[in-house]
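**Student:** what follows is a predicted structure for the sequence shown.
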Amino acid sequence: MITHGRSLAQHRASVTPFLAEFRFETLTQYVRKWARFITPRVLGVDDFALYGDSYGTILVDATTRLPLTLWEGREAERLGRWLRQHPGVEVACRDGSLAYRQGITAGAPDAVQVSDRFHLWQGLSRRVQDIASAHRGCLPAALPPMSETDPAPVEEPVENTAADTRAGRHARRLFEAVQVLTRSGRSHSSVARELGLDRRTVGKYARARTWQEVMRRPPRKPSSLDPYFDYLQQRWDEGQHSAKILHEELQTKGFFGHYQRVKMVVAPLRRGLPLDEPRERPPSPRETARWITTHPHRRNLHINDRLPRLLDHCPELRQTHDLVRQFAAMLDNHDATALLGWLDGLADSGLAPLVGLARSLREDQHAVAHGITTPYNSGVNEGHITDVKSQKRLMAGRAGVPLLRHRVVLIAHLRRRYAD
């Protein structure tokens, strides 16, 4: 019998030293031996999704970067009990969870608690997105003025205007109602419930700059035919209205697209309308939050062109941007001197998401300050959470928490041992 080009005897000889380590002890005993005698100086505490809405807790030695144990649940009592059984923890790095804060305080009252920088920044980013969602009506201001992006509107004959149609009057009434409600800061879901519309329909009316846009097709994406629009308009004005001939002429100029594409583009010209040039959509609340939280030196030209226009139009987003940059400066400089003043700025901003964030951070003020000034973070925890997810996939989700714990802890220790 051959196994990967080696005889069975050779294969057994290679694994005998490995199996000898476990001849007189089971895997469970091996894992427990490691967990019993290791008391980390710097402990990482984090949670992970276990099954459905169930979560678990993983403990990691941040100095050796090795996992210690994991269990189901995120209770403060169990974490405190583990810490009392393993005295000597000096630093505990965690997220903003109240349960973990209480568990560390009860089990290791002398330990320095550190609020992880990533979770702090993530929490602030979520609040920025909430503010952008509440001021969704301001987001179209980020687009360039109409004169810079769109051609001058073409006056349509009176008989062709949509305002005199039943559909046009309906669209106009809905547009005005949605715009009034969304500009007052209400969410799309709330507006949809009041007007009896689908949330996506409310979003379409909220993003539109005029009610006529709702009557037209949504803005299309740029295509390979866009550079030839001026030529198509010129040839159409000269009297060439055959899409087939126009397609042949464009092929001589380097266009390799299909004839149907040219036919679709010139279709508005047959109705006396301008070419359907691509129009840019306003940024979404999530994209706006990403613009604000991105470091100014890492913003591209697109953001640098649109973000100042948006901030000048919306004082609330300008205030949010300034507060985000103040916190980013504290993280970059590892200096928490301005933390109290920054928390006061959040509380005095008048923006509900930031006021709530200030309240929660003030209760955890010392851990936040340590998260800003110390080098400790939860990066090593996130790496082992990835290992947990990998083991869950390998076992097809059928293994219980004890086996999952043994595999994660044991494999990490064996990987370290045989890699050295």
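**Tutor:** Thanks, I have it.

**Student:** only C-alpha atoms for contact and neighbour calcs from this point on.
**Tutor:** Will do.

**Student:** how close does residue 74 get to residue 295?
**Tutor:** Separation of residue 74 from residue 295 (CA to CA, to the nearest Å) stands at 34 Å.

**Student:** which elements pack onto the helix or strand that contains residue 246?
**Tutor:** If you go by DSSP states H and E, residue 246 is part of helix 243-252. Helix 243-252 sits against helix 259-270, with contacts defined as 3 or more CA pairs under 8 Å, 6 or more residues apart in numbering; DSSP states H and E.

**Student:** thinking again about what came up before, so if I had to pick from residue 74 and residue 295, which one is more boxed in?
**Tutor:** residue 74 (20 against 13; other CA atoms under 10 Å).

**Student:** and the pLDDT for the more buried one?
**Tutor:** pLDDT recorded at residue 74 is 90.

**Student:** that one contacts residue 99, doesn't it?
**Tutor:** Yes: using CA atoms under 8 Å, residue 74 makes contact with residue 99 at a distance of 6.9 Å.

**Student:** so what's residue 313 closest to, chain neighbours aside?
**Tutor:** With sequence-adjacent residues excluded and distances taken as CA to CA, 6 or more residues apart in numbering, residue 313 is closest to residue 141, at 6.6 Å.

**Student:** list the contacts for the one you found?
**Tutor:** Neighbour list for residue 141: 282, 309, 310, 313 [criterion: CA atoms under 8 Å, 6 or more residues apart in numbering].

**Student:** repeat that for 7 Å
**Tutor:** Residue 141 makes contact with 309, 310, 313, according to CA atoms under 7 Å, 6 or more residues apart in numbering.

**Student:** please export the C-alpha coordinates of the helix holding residue 246 as CSV.
**Tutor:** Written as CSV, here are the backbone C-alpha positions of helix 243-252 (Å, rounded to 0.1, in the frame of the first residue of the first chain):
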residue,chain,number,x,y,z
ALA,A,243,-28.7,53.6,-36.7
LYS,A,244,-27.1,51.1,-39.0
ILE,A,245,-25.1,53.7,-40.9
LEU,A,246,-24.2,55.4,-37.7
HIS,A,247,-22.9,52.1,-36.3
GLU,A,248,-20.8,51.5,-39.4
GLU,A,249,-19.3,55.0,-39.1
LEU,A,250,-18.5,54.5,-35.4
GLN,A,251,-16.7,51.2,-36.2
THR,A,252,-14.3,53.1,-38.4
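
**Student:** what stretches of the stretch 1-150 of the chain score poorly on pLDDT?
**Tutor:** For the stretch 1-150 of the chain, applying pLDDT under 70 flags the ranges 1-38, 146-150.

**Student:** all strands of it, in order?
**Tutor:** 2-3, 6-7, 42-51, 54-61, 66-72, 91-94, 112-115 (DSSP state E, counting those that start in this stretch).

**Student:** now the angle from the longest one to strand 54-61?
**Tutor:** When axes from the mean of the first three to the mean of the last three CA atoms, to 10 degrees is applied, the directions of strand 42-51 and strand 54-61 differ by 160 degrees.

**Student:** list the buried residues for strand 42-51?
**Tutor:** 42, 43, 44, 45, 46, 47, 48, 50 (16 or more other CA atoms under 10 Å).

**Student:** neighbouring strands for it, and are they parallel or not?
**Tutor:** The strands beside strand 42-51 in its sheet (DSSP bridges) come out as strand 54-61 (antiparallel), strand 91-94 (parallel).

**Student:** centre-most residue in the chain?
**Tutor:** When CA atoms, centre = their mean is applied to the chain, the residue found nearest the centroid is residue 286 (7.5 Å).

**Student:** tally up the residues packed near the residue nearest to it when sequence neighbours are not counted, please.
**Tutor:** Once flanking residues are discounted, residue 286 sits nearest to residue 129: 5.6 Å by CA to CA, 6+ apart. Per other CA under 10 Å, the neighbour tally for residue 129 reads 20.

**Student:** repeat that for residue 64.
**Tutor:** 12.

**Student:** distance between stretch 235-250 and the chain's centre?
**Tutor:** Averaging C-alpha positions (CA atoms, centre = their mean, to the nearest Å) puts stretch 235-250 46 Å from its chain's average.

**Student:** just to revisit the earlier point, show the pLDDT at the residue nearest to the centre of the chain.
**Tutor:** In this model, residue 286 carries a pLDDT of 92.

**Student:** can you mark which positions in the helix or strand harbouring it are buried?
**Tutor:** Assigned by DSSP H and E, residue 286 belongs to helix 285-293. For helix 285-293, the neighbour count (16+ other CA under 10 Å) marks 285, 288, 289, 290, 291, 292, 293 as buried.

**Student:** could these go into CSV alongside distance to residue 324?
**Tutor:** Output for the buried residues of helix 285-293, formatted as CSV (distance: CA to CA, whole Å):
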residue, distance to residue 324
285, 16
288, 13
289, 10
290, 11
291, 11
292, 8
293, 7
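
**Student:** helices of the stretch 51-200 of the chain, start to end?
**Tutor:** Using DSSP state H, counting those that start in this stretch, the helices of the stretch 51-200 of the chain run over residues 76-85, 98-107, 117-134, 146-149, 166-183, 188-195, 199-207.
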